[in-house]
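> Sequence and predicted structure, then a few things I'm wondering about:
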Amino acid sequence: MKKADQPVTSKGSSTRDRIVEAARKQLVEKGYEQFVMRELATLLGIKLGNLQYYFKTREELILHVIEVEAARDVQTIQAHQQRWDTPEEVFRAIVQNLVARWRGDSGLLFSTLGTLALHNKTYKQLYLTVYGDFYQALEGPLRELNPKISDEEAALRVRLITALIDGSPMQTGVGSVRDFLNRVQAQALMIALA
């Protein structure tokens, strides 16, 4: 039986989760160029071979860290759909939460992915998958706001809203952050309802 075919024990799952969280932190703090598997193993107090049991290569680990981060965004969208009463409240909460997430560590990870995707086919494929999943998740709340929208128009608006959310964290140095975030929400809502 290959390692990939073996069931993961709770201890193995716990170790894997610990590796992913430590790798995320190291990637955010040190960046892609300074991300070293041997240093991560030392930080975790495990041998490099043990780390490589879970993630054979640096690339495999970084890809997984970004996949987990992207899944959290999709979970954020889904969670807000359950939490609010009206489609507008849902949509505003989603935009606010994503902008806040992308102003922090998530933004650094997705920026890294975007840069790596320009030069590496594996990262480009992950980029397309991550954003495809995100667009699909965001389309539900958009359709709740604007149910008569065509498929083509929904796809375009989801991308425009994503571009607004993606770019807004870099622009928050202008005036009050709260006012700026309120404007980002309002503009995203206008795009959804137009």
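Yep, that arrived. Numbers count the residues shown, from 1 in each chain.

> Every contact and neighbour count from this point should use C-alpha atoms.
Fine.

> Reduced to three states, what does the most centrally placed residue in the chain come out as?
The centroid of the chain falls nearest to residue 70 when counting by Cα atoms, centre = their mean (2.9 Å). Three-state call for residue 70 (DSSP: H, G, I helix; E, B strand; the rest coil): helix.

> and the residue lying closest to it once chain neighbours are set aside, how many residues sit next to it?
Spatial nearest neighbour of residue 70, excluding adjacent residues (Cα to Cα, 6 or more residues apart in numbering): residue 130 at 6.1 Å. By other Cα atoms under 10 Å, 21 other residues sit near residue 130.

> so which helix or strand takes in residue 130?
Assessed by DSSP states H and E, residue 130 sits inside helix 121-145.

> Go through that helix and flag the buried ones.
Across helix 121-145, burial judged by 16 or more other Cα atoms under 10 Å covers 123-124, 126-127, 130, 133-135, 137-145.

> So which elements touch that helix?
Judged by 3 or more Cα pairs under 8 Å, 6 or more residues apart in numbering; DSSP states H and E, the packing partners of helix 121-145 are helix 58-83, helix 87-102, helix 105-117, helix 151-167, helix 177-193.

> Just the residues contacting it, thanks.
63, 67, 70, 73-74, 77-78, 81, 87-88, 90-91, 113-114, 116-118, 149, 154-155, 158-159, 162, 192-193 (Cα atoms under 8 Å, 6 or more residues apart in numbering).

> quick check: mean pLDDT across that helix?
Mean pLDDT, helix 121-145: 95.

> okay, the angle between that helix and helix 105-117?
130 degrees (axes from the mean of the first three to the mean of the last three Cα atoms, to 10 degrees).
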